[in-house]
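1. 3D, please:
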Amino acid sequence: MDANNTFDSDLIHAIFKHIWARRFRERERSDAIDAAEAEVALGTSKKNRLASANANALKLSCELLKSFVSEAVQRAAIIAEAEGMDKIEATHLERILPQLLLDF
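-> This next block holds a predicted model:
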């Protein structure tokens with residue numbers, strides 16, 4: 001498969017890192033760790049580490065996103081065509097999204 005027909009793995013990795021960091025910050029705020037636990041878990045527990053992804057996982061994630069977006073566009077185009085429109089609008093995507101999410 002041509003590498004130009006998929007998402008940039010660096011971009012997907014940056015998005016994942018952003019989400020992981022945000023969830024980490026939210027978890028830190030919501031979980032009150034008392035002083036004794038904080039000394040024991042000083043950055044060594046899984047709960048306190050940011051997640052990471054290897055190259056194969058990123059490549060697979062890119063392919064999955066490519067398939068998801070392609071399928072969404074195709075389904076929305078079918079709806080738009082059935083309505084006699086030349087362009088896909090947000091309402092077309094809104095109509096196909098529930099079933100698309102169930103299918104994936």
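
2. taking the centroid of the chain, which residue is nearest it?
-> residue 16 (6.9 Å; CA atoms, centre = their mean).

3. and the pLDDT for that residue?
-> Model confidence at residue 16, given as pLDDT, is 89.

4. next one: phi and psi at it?
-> Backbone torsions for residue 16, taken as degrees, to the nearest 10, come to phi -60, psi -50.

5. just give the closest residue to it, not the sequence neighbours.
-> With sequence-adjacent residues excluded and distances taken as CB to CB, 6 or more residues apart in numbering, residue 16 is closest to residue 53, at 6.0 Å. C-betas here are computed from N, CA, C, even on glycine.

6. and residue 62, by the same measure?
-> According to CB to CB, 6+ apart, the nearest residue to residue 62 is residue 7 (4.4 Å).

7. three-state assignment of the one you found?
-> coil (DSSP: H, G, I helix; E, B strand; the rest coil).

8. all helices for the chain, in order.
-> 9-30, 35-40, 55-82, 90-103 (DSSP state H).
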